[in-house]
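[1] The following block contains a protein sequence and its predicted model.
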Amino acid sequence: MAEPDDWTGSLVRVASWPVYFMVLLPIAIGRIPLGMRLLGFEELTRLALALVALYLLGWVRALAFSLLPRAVVQFGRRVWFRHGGRRIVVRSAAITAIDVELRPSGEVFVLELEGGQIYDLCPVAWEGAQRIFKVLHRRVVRARRRRARELRRAKPA
């Protein structure tokens, strides 16, 4: 997921810290009954609860970022992003090229689809944008190799 660097992304980043604090505070100061302690140790139980809470909060934070209007989300074999005021969902198999181009606002990732459509994905500087680029670039390269292999096999000898 590429997190927007506008005010909405900053708001989610800032708002997530109090949420983490409010969830982890009861784990740190709450009383743990004797029957609920792991291996008889209260500290081990607190540590396990804190790790589970951090894992779940990571998913909640990702969900909050994915709901932002300008966020770019790559999940499974699909990428969805905003273009022209609406959200577009693209299968990664439909992407024929992904490049970096210089725009007046800075460097952005650009997608080219099978039908020839070209879309600006997101700025390079966004947190998480490089991970999306790596995954999509790897899939595009694999698809090119697969198509070349199929063409060689289909060629009459």
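    That came through, no problem.
[2] Next, find the distance separating the closest residue to Val79 other than its chain neighbours from Gly84.
    Among residues not flanking Val79 along the chain, Val90 sits closest, at 5.1 Å (CB to CB, 6 or more residues apart in numbering). C-beta here means a position set from N, CA and C on the backbone, and glycine is covered the same way. Separation of Val90 from Gly84 (CB to CB, to the nearest Å): 14 Å.
[3] go on, Leu136?
    In terms of CB to CB, Leu136 sits 20 Å off from Gly84.
[4] neighbours around Leu67, how many?
    Close neighbours of Leu67, defined as other CB atoms under 10 Å, add up to 11.
[5] cool, Thr96 as well?
    So Thr96, with other CB under 10 Å, has 16 neighbours.
[6] helices and strands around the host helix or strand of it, which ones?
    Applying DSSP states H and E as the criterion places Thr96 in strand 95-103. When contacts are defined as 3 or more CB pairs under 8 Å, 6 or more residues apart in numbering; DSSP states H and E, strand 95-103 sits against strand 106-113, helix 129-154.
[7] Neighbouring strands - and their directions - for it?
    Strand 95-103 pairs in its sheet with strand 106-113 (antiparallel), by DSSP bridges.
[8] Same list, the helices and strands packed on strand 95-103, but as TSV with mean neighbour count please.
    Output for the helices and strands packed on strand 95-103, formatted as TSV (neighbours: other CB atoms under 10 Å):
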stretch	mean neighbour count
strand 106-113	17
helix 129-154	13
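[9] among the ones you listed, which is nearest Trp59?
    Trp59 lies closest to helix 129-154 among the helices and strands packed on strand 95-103, at 16.7 Å (CB to CB).
[10] still on that earlier bit, what residues are up against the residue nearest to Val79?
    Applying CB atoms under 8 Å, 6 or more residues apart in numbering, we find Val90 in contact with Arg78, Val79, Trp80, Phe81, Leu111, Leu113, Tyr119.
[11] Name the nearest of these relative to Leu44.
    Arg78 (40.1 Å).
[12] So that closest one sits against Ile88, correct?
    No - the criterion here is CB atoms under 8 Å, and Arg78 misses it with Ile88 at 10.4 Å.
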